[in-house]
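S.K.: mind looking at a prediction? Sequence and model below.
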Amino acid sequence: MTPEIAGAAGFDWQLAFLFLIASAAAGLTGVLFKPGAWYESLVKPDWRPKNWMFPVAWTTIYVLSALAAARVAPLAGNAYAMAFWAMQIALNTLWTPVFFGARRMGLSVAVMGLLCCAVLGMLWTFWSLDGWAFTMILPYAIWLGLAAPLNWRVWRDNPGANFSAEA
C-alpha cells in the first residue's frame, strides 16, 4: 500500500494533545530518575552524545512521535500502528527507571531491544498509512540506532556496576 500524505487541514489538535500528554508522562521518568553520580562514574564510549543532547533529542522525539500518532489515529486500518505506538511509549517509559532507578543495565538492554522492535513496527505500519507520520518517526529510529549500542556498551563495559551502594 502506498502511504498517503494528508493535508494539515484535517489535523486533530485535541488528539495530538492527548498523545503529547502520554509522551510527557514518559519523559517525566527522566526527571524522576536522573543519571546522577552513579551514571557519571560508569565507563562510557568516546562516541556517546554529550549529556545535554539527551533531553533535546528525547523532547524532539516525543513531540514528533505524538504528532505522528495523531495523524495516524483517525485513519482506517490503524490498529497495528496504534498498538506499536502504545508499546513503544510503554517501553520508553520503562527504560529509564530500569536503567537509572533500579540500575539493572542488563535488563535495560532487553527493554531497549524490545523498544527498537516496537519503533520498527511503528515505522512499518505508519508508512502504510501516512508518509508524513512515517517521516516524523525517522529521527526516533535514528536516535535508537545510537542509543541501543550505547546502552549495550555501557552494560558491557561496567560489569558489576548494577546496584551500587549509592542508590
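M.R.: It's in.

S.K.: find the nearest non-adjacent residue to R153, please.
M.R.: Nearest residue to R153, sequence neighbours excluded (C-beta to C-beta, 6 or more residues apart in numbering): P45, at 5.0 Å. Glycine gets a C-beta too; all of them are placed from N, C-alpha and C.

S.K.: next one: L20
M.R.: Nearest-residue entry for L20: A66, 4.4 Å, with adjacent residues in sequence omitted and distances by C-beta to C-beta, 6+ apart.

S.K.: give me the contacts around the strand or helix carrying L107.
M.R.: For L107, the host element (DSSP states H and E) is helix 105-129. The contact list for helix 105-129 (C-beta atoms under 8 Å, 6 or more residues apart in numbering) reads 1, 3-4, 68, 72, 75, 77-78, 80-81, 84-85, 87-88, 91-92, 94-95, 98-99, 133-134, 137-138, 140-141, 144, 147-148, 151-152, 154-155, 158, 161-162.

S.K.: among those, the buried ones, what's the ChimeraX command?
M.R.: Filtering the contacts of helix 105-129 down to the buried ones (16 or more other C-beta atoms under 10 Å) takes a single ChimeraX command:
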select :68,72,75,78,81,84,85,87,88,91,92,94,95,98,99,133,134,137,140,144,147,148,151,152,154,155,161
